[in-house]
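1. Predicted model and sequence below, questions to follow.
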Amino acid sequence: MRTLAGVEDEEKWLAEGIAGIQHNAFFMHRALDANNLREVLKYSALMLSELRTSKLSPQKYYDLYMRAFDQLRQLEIFFKDESRHGLPVVDLYELVQHAGNILPRMYLLCTVGSVYIKSKQAPSKDVLKDLVEMCRGVQHPIRGLFLRSYLAQVSRDKLPEIGSDYEGDANTVIDAVEFVLQNFTEMNKLWVRIQHQGPGTVREKQEKERNELRDLVGKNLHVLGQIEGVDLEMYKETVLPRVLEQVVNCKDKLAQYYLMECIIQVFPDEYHLQTLEALLAACTQLMPTVDTKIVLTQLMDRLSNYAASSPDVLHEFLQVEAFAKLSNAIGKVIDTQLEMPIVGAMTLFVSLLTFTLRVHPDRLDYVDQVLGACVVKLSSVPKLEDARAMKQVVALLSAPLEKYSDIVTALTLSNYPRVMDHLDDGTNKVMAMLIIQSIMKNDSCISTADKVEVLFELIKGLIKDLDGTNVEELDEEDFQEEQNSVARLIHMLDNEEPEEMLKIIYVVRKHLMTGGPQRLPFTVPPLVFSAVRLVRQLEAQGGDIAGEDVPATLRKIFQILNQTIEALSSVPCPELALRLYLQCAEAASDCDLEPVAYEFFTQAFILYEEEIADSKAQVTAIHLIVGTLQRINVFGVENRDTLTHKATGYSARLLKKPDQCRAVYACSHLFWVDDPEGIKDGERRALRIANAAQQMVNATRGSSGPVTLFVEILNKYLYFFEKGNPHITPSDIQSLIELINTEMLSDNGNTTIHSDPFFSSTLRYIRFQKQKGGLMGEKYDLIKL
Amino acid sequence: MNFLLGAFKPACNISITFTDGKNRKQVPIKKDNGQILMNPLFQSQETIAGKIHIDSYQGKKVEHNGVKVELLGQIEMYFDRGNFYDFTSLVRELDVPGEIYERKTYPFEFSSVEMPYETYNGVNVRLRYVLKVTVTRGYAGSIVEYQDFVVRNYVPPPPINNSIKMEVGIEDCLHIEFEYNKSKYHLKDVILGKIYFLLVRIKIKNMDLEIRRRESTGAGANTHVETETLAKFELMDGAPVRGESIPVRVFLTPYDLTPTHTNINNKFSVKYYLNLVLVDEEDRRYFKQQEITLYRLKEETS
């Protein structure tokens, strides 16, 4: 046995071996030239004796072997030519067996054997059988492997396969198969045996060396795969059982793994399909340390590719119940291989799922079955922590999404959410995002409450804080993006039927309300708008619909809306709530529901009073309130008065004078609505307010920009003037213009830069209107500039 | 030899020719000095006939008391040098006393000679057949000439030829079962067989099959036994595992074998053995020896 000597020594031994081969090859060639058979045999045997070394690693030995191999080719040519050595090949076949050492003897015998077959003086099967049998004498693993590999090589083109010269009479393809199988079996035994040689300390090195040798063994399977005439029948009855028997019985993980891989790669897919049972049975019998999952994965990948290659083959899959068998086998493997990490099991499930999706895209129950099995497996282990396993689960869950490009399909899989439950929070979110993205990408509309329920169950990682989530860890940007996605998702939930839609809204609301203060600002608005849309739809259809379970009444919806927005108060997020209230108020107004609209306004005002403290926010809020109020025409005089006065009052109490001023003149619109049936009751009040605004401007005198405000007020005057408010007279306008002029003069060089162009374009507008003539022109003519 | 004789100038030259000497098969025989000479081949019950020519040198006359030819079968033991034991001795008188002036030719014939033993050249013993021509002279000393010839006897294949099958082993260490297809082989036979490994707990390096010749000479306390290994044939390289069976196929042609001789004239025996040797990695040898019988099968040709 090889010692643990260094690489240098090995190099030296290799060099010696090569020198020995060259030396003897030289004499062999001389003898060849002289056609001296005796000498040829003597020196070729000496040359081949160099291969008897035990000192070389497989790689180095291979080097040596190749050199001898080249020489043997020359020898074969000599043997072929009977006129050169003068001996019938049958005698030659005996003669070379006189060599005392087995290794040279066997190499020579194989060489002559190949010539013997070629001469057809003996049936090829007999010669092959003899050779493969005699090779048993070399039991040293490495030397034996190389010898048998030599045998395989020289016999490769002489097998009695169908269509070959050597087939016929008693020589059939069965003999060829038998020969290769036997050689394979023996080689595998030798290969497996390497590990039992030498001390355990070099185990790792041995494994590496063995790996280098594996192709010698695998080559036989390649040959089997290539033999012409091995039909399905023979493969099923002879080839596969024999190979599998060897694989299973060798009880060696390296060999089992490699050979299974070989089998899967070498033989055609349809054979695999037809022998699935045997193949899978073998998989379950492999050593526990064998990475069965990769083997099975490869098998399934191949089969799915096969299925994808042509639709014609699909019925074969059905015929052999491929799915059931695979599923069964995987179950068994997972059950028996207790040491397999969870990631392995998950990988298997992913492969099986991919297979299912490709082969049986119509069988959702299969998909669900796979997921179910996955759940069972996941339940049997503590919480998933392995990142790779997690990744596999994500892949597992993503596969159906990609395949069906319709989340609705996934929603019908009962096991889908159960698998998701096993993800950790982060991954769960990633998965939820994937689901949402899938929905977005495919623009698929989820249209029943049940599905919405399931969907929200799936993405609950995004909807609410799960137990044990560390809030501080959350990345602000990620969080926003997630919540925005949820918001977008809400818009995808839609149903034409108001009743169902209401149910959906109920469901969504139920889930969203659990989201906590951080999520609500993101999720409430889409919900509100979704509900508002329903409101408008109902309104367009003519009002309430009396449903069976949940009557979709407008009041009901507004009630929900009210409650929903109220939830925002806990955030708190008054500005947003205010806007939403106003939206609802407007919707209620459109539905002619005065009390409801009033209620919403009340809520908005309360918020304004109690929650909105920031002056800038107040300004914005006032303008929003005024804008909304102006558009709403559902209120009776009393309510309207209350609200408008309230709004005006708020305006007047703003902190900064310019803000006050602007708010107030905006309020003027509340009293003068340019609409055929608009409210024009407050014409006087509008003017008064305008005047009040003017007063306020006066109050700001001395500070920056009163002129601008005057100009703005002038514009308001002109607006009302044009609209025909009788209380705005040309003289009022004129005096205001003068006032502005005076202001500008006194204020000259100070702040006219902004107001000047504004003022001059306003004046230009007045002149334009004068010149235009007509009714408006006449009206304007009264203004003297 | 002739050269030496020439130096002493013997009175005459004697030569012996066989009747069918041209066609008769010649086989090589190793002489004492290592020289290999070709000698004619006979078998038992053959008639040995020929002519003896006696030429006197330069026409000198040779006086003699008679000329005779003897056919001798001798066993020569090397440790008892020079002591021949003749187990066969036949004499033909060729001439009455007289004188030889010129070349004289005497035909001779030993018809159907019983030659039960084969020529044999061993380590300690030699069995040879020789024709001895003696020109008897008185005081001048007789003139003697020898002509060796070889005897080989062919036998038909034995009617009973069982295989050799045996299970041997060392307890808890090595257990093998071997089988040779026959117990009696002819000299150009092939030994076929198998070796099954039933239990292997030692690290075997290789396995050889040796063919050994055991030559015993003398009798009783004087017995000398000499064992030679004539062939060492590697059957297996490397260590087998349990359940492995290794084929045996050994061609006997290349080896210099003789038939088994049992108790030849109470002087010597030659026996053959197959010795199966297993060598482990520490170069320890484990072996099992089995006797086989070798015989000379009549060849179809010749």
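-> Ah, there it is. Nothing here was measured: the structure is a model prediction, and the numbers come from that model.
2. what about the stretch 251-400 of chain A, any weak spots by pLDDT?
-> Along the stretch 251-400 of chain A, segments meeting pLDDT under 70 span A:383-385.
3. quick one: contacts for the nearest residue to residue A:323 once chain neighbours are set aside?
-> Closest residue to residue A:323 apart from its sequence neighbours, by Cβ to Cβ, 6 or more residues apart in numbering or on different chains: residue A:366 at 5.5 Å. Yep, even glycine has a C-beta here, placed from its N, CA and C like the rest. Applying Cβ atoms under 8 Å, 6 or more residues apart in numbering or on different chains to residue A:366 gives the contacts A:323, A:327, A:356, A:360.
4. what's the farthest-apart pair in those residues?
-> Pairwise distances across those (Cβ to Cβ) peak at 11.2 Å, for the pair A:327 and A:360.
5. you'd agree residue A:210 is up against residue A:254?
-> Yes. At 5.9 Å, residue A:210 counts as touching residue A:254 under the criterion of Cβ atoms under 8 Å.
6. By average pLDDT, which secondary structure element in chain B comes out worst?
-> helix B:2-8 (a mean of 49; mean pLDDT, DSSP states H and E).
7. At the geometric centre of chain B, which residue do we find?
-> Most central in chain B under Cα atoms, centre = their mean is residue B:120, positioned 2.5 Å from the mean C-alpha point.
8. count of residues packed around the nearest residue in space to that one that is not next to it in sequence?
-> Once flanking residues are discounted, residue B:120 sits nearest to residue B:127: 4.2 Å by Cβ to Cβ, 6+ apart. Each residue near residue B:127 was counted by other Cβ atoms under 10 Å in any protein chain shown, and the total is 23.
9. show me the contacts for the residue of the stretch 1-150 of chain B found nearest chain A.
-> The stretch 1-150 of chain B approaches chain A most closely through residue B:28 (17.2 Å), counting by Cβ to the nearest Cβ. By Cβ under 8 Å, 6+ apart, residue B:28 lies in contact with B:36-39.
10. Using JSON lines, please lay out these together with pLDDT, neighbour count and distance to residue B:280.
-> Listed next are the contacts of residue B:28 as JSON lines, based on pLDDT from 0 to 100; neighbours: other Cβ atoms under 10 Å in any protein chain shown; distance: Cβ to Cβ, whole Å:
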{"residue": "B:36", "pLDDT": "86", "neighbour count": "9", "distance to residue B:280": "40"}
{"residue": "B:37", "pLDDT": "86", "neighbour count": "11", "distance to residue B:280": "45"}
{"residue": "B:38", "pLDDT": "89", "neighbour count": "11", "distance to residue B:280": "46"}
{"residue": "B:39", "pLDDT": "89", "neighbour count": "22", "distance to residue B:280": "46"}
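11. Tell me which two of those residues sit farthest apart.
-> Largest separation among the contacts of residue B:28 by Cβ to Cβ: B:36 and B:39, giving 9.9 Å.
12. re the thing from before, what do residue A:210 and residue A:254 both touch?
-> By Cβ under 8 Å, 6+ apart, residue A:210 and residue A:254 have these common neighbours: residue A:195.
13. Give me the buried stretch members for stretch A:281-288, please.
-> For stretch A:281-288, a neighbour-count test (16 or more other Cβ atoms under 10 Å in any protein chain shown) marks A:281-287 as buried.
14. May I ask which two of those are separated the most?
-> Counting by Cβ to Cβ, the most remote pair of the buried residues of stretch A:281-288 is A:281 and A:287, 14.9 Å apart.
15. Tell me the confidence at residue A:742?
-> Note on residue A:742: pLDDT of 75.
16. So what's the residue count around it?
-> Neighbours of residue A:742 under the rule other Cβ under 10 Å: 10.
17. just residue A:233 next, same as before
-> Counted with other Cβ under 10 Å, the neighbours of residue A:233 add up to 9.
18. Quick check: closest non-adjacent residue to residue A:84.
-> residue A:35 (4.6 Å).
19. cool, and residue A:285?
-> Among residues not flanking residue A:285 along the chain, residue A:248 sits closest, at 4.9 Å (Cβ to Cβ, 6+ apart).
20. Spit out the contact partners of the closest residue to chain A within chain B.
-> Residue of chain B nearest chain A, by Cβ to the nearest Cβ: residue B:238 (2.7 Å). Neighbouring residues of residue B:238 by Cβ under 8 Å, 6+ apart: A:138-141, A:143-144, B:204-206.
21. what residues does chain B put near chain A?
-> Within chain B, the positions near chain A by Cβ under 8 Å from any Cβ of the partner chain are B:203, B:206, B:231-241, B:244-247, B:249, B:251, B:253-254, B:281.
22. picking that back up, what's the helix or strand for the residue nearest to residue A:323?
-> Element membership of residue A:366, judged by DSSP states H and E, is helix A:364-379.
23. Downstream of that helix, the next helix or strand is which one?
-> Scanning forward in sequence from helix A:364-379 by DSSP H and E, the next helix or strand is helix A:387-404.
24. and that next one, what does it pack onto?
-> Counting contacts by 3 or more Cβ pairs under 8 Å, 6 or more residues apart in numbering or on different chains; DSSP states H and E, helix A:387-404 is packed against helix A:342-359, helix A:364-379, helix A:407-411, helix A:416-420, helix A:425-442.
25. buried stuff in that helix?
-> A:389-401, A:403-404.
26. From the residues you listed, pick the one nearest residue B:157.
-> Each of the buried residues of helix A:387-404 was scored against residue B:157 by Cβ to Cβ, and residue A:392 proved nearest at 74.5 Å.
27. Could you report the neighbour count for the closest residue to that closest one other than its chain neighbours?
-> If the residues on either side of it in the chain are set aside, residue A:392 comes closest to residue A:346, at 3.5 Å by Cβ to Cβ, 6+ apart. Residue A:346 has 27 neighbouring residues, counting by other Cβ under 10 Å.
28. Also the one 10 residues further on?
-> When neighbours are defined as other Cβ under 10 Å, residue A:356 has 27 of them.
29. again, but for residue A:588
-> Around residue A:588 there are 28 other residues, counting by other Cβ under 10 Å.
30. Same question for residue A:248.
-> 18.
31. How about residue A:109?
-> Using other Cβ under 10 Å, residue A:109 has 25 other residues around it.
32. Could you verify that it is part of a helix?
-> Yes. Counting by DSSP: H, G, I helix; E, B strand; the rest coil, residue A:109 falls inside a helix.
33. nearest residue to it other than its sequence neighbours?
-> Sequence neighbours aside, residue A:96 is the residue nearest to residue A:109 in space, at 5.5 Å (criterion: Cβ to Cβ, 6+ apart).
34. so what's the one you found up against?
-> Counting by Cβ under 8 Å, 6+ apart, residue A:96 makes contact with A:41, A:105, A:108-109, A:111-112.
35. Just the buried subset of the residues you listed, please.
-> Listed as buried from those are A:41, A:105, A:108-109, A:111-112; burial here means 16+ other Cβ under 10 Å.
36. I'd like those residues laid out as CSV, including pLDDT.
-> As requested, the buried ones among the contacts of residue A:96 are exported to CSV (pLDDT from 0 to 100):
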residue, pLDDT
A:41, 94
A:105, 96
A:108, 95
A:109, 95
A:111, 95
A:112, 95
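37. Just name the closest of those to chain B, please.
-> Of all the buried ones among the contacts of residue A:96, residue A:105 has the smallest distance to chain B: 7.7 Å, by Cβ to the nearest Cβ.
38. count of neighbours near the residue nearest to the closest one when sequence neighbours are not counted?
-> Excluding the flanking residues, the one nearest residue A:105 by Cβ to Cβ, 6+ apart is residue A:99, at 3.9 Å. A count of nearby residues for residue A:99, using other Cβ under 10 Å, gives 24.
39. swap in the one 5 residues further on?
-> Counted with other Cβ under 10 Å, residues neighbouring residue A:104 total 23.
40. for residue A:564, same thing?
-> By other Cβ under 10 Å, 24 other residues sit near residue A:564.
41. residue contacts, it?
-> By Cβ under 8 Å, 6+ apart, the contact set of residue A:564 is A:509, A:513, A:524, A:527-528, A:531.
42. Would you confirm that residue B:44 belongs to a strand?
-> No. Under three-state DSSP, residue B:44 falls outside any strand and is assigned coil.
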